[in-house]
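Engineer: Need a 3D model of the sequence below.
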Amino acid sequence: MTENSRYILLSFDVEEFDMPIEYDCSITLQEQLTEGWKGLQAVMEVINFAKVPATFFTTATFASHYPEAMRKMAEEHEIASHTLSHSNFRNYDLIESRIILERITGRPVYGLRMPRMMHVDMKDVKQAGYKYDSSINPTWIPGRYNNIDKPRTIFTADNMIRIPTSVSPNFRIPLFWLTFKNFPYYYFKQLVLQTLAHDGYVCLYMHPWEFTDINRFDIPNYTKRGSGKWLCERLLRLIKDLSGSAEFVTMHGYLKDRHLPV
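Structural biologist: A predicted model of the protein is given here:
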């Protein structure tokens, strides 16, 4: 890394595909895991082909079902915590998930992202042994959260480094999974480049289950638009287009290079 470079913090929430439950559709845990696993395999094909590092916020439940894959991924990428389960949470899950992930990967777990960007007390996160948190999307998502008043870029709160997912400098348009698949490609790319120029980095996030065919599930069309091969091709295109403008790094790698206490 060099002082004047720009960086892309590409991240994925590796989890059970439990979204159908939100819309009163039945799906077993095994089906949730299977869809997540198929999507992760598709994502890793793209990531490995492009040869870029990424951060994978992974539930301990998912990692426990696919330990060999997690160990292999940890050799080249950062494995961080997405708590124990995507559907349920208790405070003790913070430390339990970290311990399980570290045991599976054989590597330290530095970061946390809560399922659905759920609010969590930073004092609890600190006590559970994490070095940074990425559980905040500093924008307004109707029915989810309103974080318009939160900082757009990396900040510290309650002695915890927080890495918000990126939003555009103007109007705080979120640069995340829904805009990536629903906005015209050129417009999304321009928002990313604009944010890179303004902030020096972007933090993008998606879900592996988006990269497999989930059209048969009765969930809103905007959540499953372009799922599967189309989205894989779009991700590869984005990585190629951005590689000339910025360097891909893991979140912990970025913080460490900035000499932050991680």
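
Engineer: okay, CA-based contacts and neighbour counts for the rest of this
Structural biologist: OK.

Engineer: Contacts for whichever strand in the chain runs longest, please.
Structural biologist: For the chain, the strand with the greatest residue count under DSSP state E is strand 7-14. Applying CA atoms under 8 Å, 6 or more residues apart in numbering, the contact partners of strand 7-14 are 36, 40, 53-59, 62, 82, 196, 200-208, 246-251, 254.

Engineer: Over to stretch 230-240?
Structural biologist: The list of residues contacting stretch 230-240 from outside it, by CA under 8 Å, 6+ apart, reads Ala42, Val43, Val46, Ile47, Ala50, Lys181, Tyr185, Lys189, Glu210, Phe211.

Engineer: Tyr23 contacts Ile219, correct?
Structural biologist: Yes - when contacts are counted by CA atoms under 8 Å, Tyr23 is listed as touching Ile219 (6.5 Å).

Engineer: Pick out whichever of the two has more residues nearby.
Structural biologist: Ile219 (17 against 12; other CA atoms under 10 Å).

Engineer: Are we agreed that that one is in a strand?
Structural biologist: No - looking at Ile219 with DSSP: H, G, I helix; E, B strand; the rest coil, it is coil, so not inside a strand.

Engineer: My read is that it contacts Pro20, right?
Structural biologist: Yes - the pair formed by Ile219 and Pro20 meets the contact definition of CA under 8 Å, at 6.1 Å.

Engineer: shared neighbours, those two?
Structural biologist: Once CA under 8 Å, 6+ apart is applied, it turns out that Ile219 and Pro20 contact no residue in common.

Engineer: re the thing from before, closest one of the contacts of stretch 230-240 to Met122?
Structural biologist: Using CA to CA, Glu210 is the member of those that lies nearest Met122, at 29.4 Å.

Engineer: partners of the helix or strand bottoming out on mean pLDDT in the chain, with directions?
Structural biologist: Considering only helices and strands, the least confidently modelled element of the chain by mean pLDDT, DSSP states H and E is strand 145-146, at a mean of 90. Sheet pairing here is set by DSSP bridges, and for strand 145-146 it gives strand 140-141 (antiparallel).

Engineer: Number of residues surrounding Arg162?
Structural biologist: Taking other CA under 10 Å as the definition, Arg162 ends up with a neighbour count of 23.
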